[in-house]
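[1] with the sequence up front, the predicted model follows.
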There are 2 protein chains.
Amino acid sequence: MSFLEINKVLSNKVRIDILHWLKKPEKNFPPQVNVPDFKDGVCVCHIQDKTGLSQSTISHYLTMMHKVNLLIATRHGKWTYYKRNENEILNYINSLKNEL
Amino acid sequence: MSFLEINKVLSNKVRIDILHWLKKPEKNFPPQVNVPDFKDGVCVCHIQDKTGLSQSTISHYLTMMHKVNLLIATRHGKWTYYKRNENEILNYINSLKNEL
DNA sequence: ACAAAAAATCGAGATTTATCGATGTATTTA
DNA sequence: TAAATACATCGATAAATCTCGATTTTTTGT
């Protein structure tokens, strides 16, 4: 994934917030209902609630973050759970040292 | 300077290119004429030549990079020289580890 | 098989960013 | 002091991004 593509995804406050919140799901989101823990992350509706933006906007944001590999998506039944892709995030930070 | 402000400045290919080129001015730009070396960086016109964009656009880009402290500007007579602010760039990269 | 729930996709209007040419401001040189 | 040069700023248009509501798709209960 190209550095600049990821950079553009990250140049938005809400998307940065989401990435940040997902660092500590248990602290930033209500307890899980349909799955036992936060192993696969947080479902779209909880993220949407927290941002206050529309469902379509948040779904779009999460999809684009997923497309550049910043997030890992897992479907459980009706729900899609998103969690951070720590490897890719680290790669990105490390790549900055060369790219900038 | 806020993380997101810098991030937005960096979410543009030309501006990233400029930052990158200024890492090795002697490699990426013609030799200096009005100053003895690249100590203070590269003048606006050489950067403009290299990008092929208009003078006003490049001046605008350099100004915004300067405003968020990524570049240091030095005036010598008619010319303005821009160079990287290595401290601020490092700060930014380090801040990412907390922000992301 | 059907209705409901969650998420994804589509289409459109509003906002922001990119980019230009024209003009203004310093500084130098004739 | 006038003309020229380098850069900054202004105003405007084009392109991209943000964001929404509506629709479609996927999956589950009934």
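    Received it, and whenever you're ready, just let me know what you need.
[2] from now on I want contacts and neighbour counts done on CA atoms only, so please keep to that.
    Fine.
[3] going along the chain, name the helices of chain A.
    Here chain A has its helices, by DSSP state H, at A:3-9, A:13-21, A:25-28, A:44-51, A:55-67, A:86-99.
[4] touching DNA strand C at all, the third one?
    Right, helix A:25-28. No. Applying CA under 7 Å from any atom of the strand, one finds helix A:25-28 separated from DNA strand C by no less than 14.6 Å.
[5] which outside residues touch that helix?
    Contact partners of helix A:25-28, identified using CA atoms under 8 Å, 6 or more residues apart in numbering or on different chains, comprise A:Trp21, A:Leu22, A:Phe38, A:Gly41, A:Val42.
[6] now do the contacts for the nearest residue to A:Gln32 once chain neighbours are set aside.
    Once flanking residues are discounted, A:Gln32 sits nearest to A:Phe38: 7.2 Å by CA to CA, 6 or more residues apart in numbering or on different chains. Going by CA under 8 Å, 6+ apart, A:Phe38 touches A:Pro25, A:Glu26, A:Gln32.
[7] list just the nearest of these to A:His60.
    Lowest distance from A:His60 to the contacts of A:Phe38 (CA to CA) belongs to A:Pro25, with 20.3 Å.
[8] number of residues surrounding that closest one?
    As a burial measure, A:Pro25 scores 18 neighbours (other CA atoms under 10 Å in any protein chain shown).
[9] and the residue lying closest to A:Lys83 once chain neighbours are set aside, what are its phi and psi?
    Excluding the flanking residues, the one nearest A:Lys83 by CA to CA, 6+ apart is A:Gly41, at 4.2 Å. Phi and psi for A:Gly41, reported as degrees, to the nearest 10, are phi 100, psi -150.
[10] widest-spaced pair of the contacts of helix A:25-28?
    A:Trp21 and A:Phe38 (12.4 Å).
[11] tabulate the helices of chain A (a markdown table), appending mean pLDDT.
    What follows is these, written out as a markdown table (pLDDT from 0 to 100):
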| stretch | mean pLDDT |
| --- | --- |
| helix A:3-9 | 95 |
| helix A:13-21 | 97 |
| helix A:25-28 | 96 |
| helix A:44-51 | 96 |
| helix A:55-67 | 98 |
| helix A:86-99 | 95 |
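[12] nearest to B:His60, out of these?
    Across those, B:His60 has its closest neighbour in helix A:3-9 (19.7 Å, CA to CA).
[13] who are the packing partners of that closest one?
    helix A:86-99 (3 or more CA pairs under 8 Å, 6 or more residues apart in numbering or on different chains; DSSP states H and E).
[14] for chain A, list the residues in contact with DNA strand D, please.
    Residues of chain A found near DNA strand D (CA under 7 Å from any atom of the strand) are A:8-9, A:11-12, A:14, A:52-57, A:60, A:76-78.
[15] distance-wise, check A:Arg75 relative to A:Asp49.
    A:Arg75 sits 19 Å away from A:Asp49, going by CA to CA, to the nearest Å.
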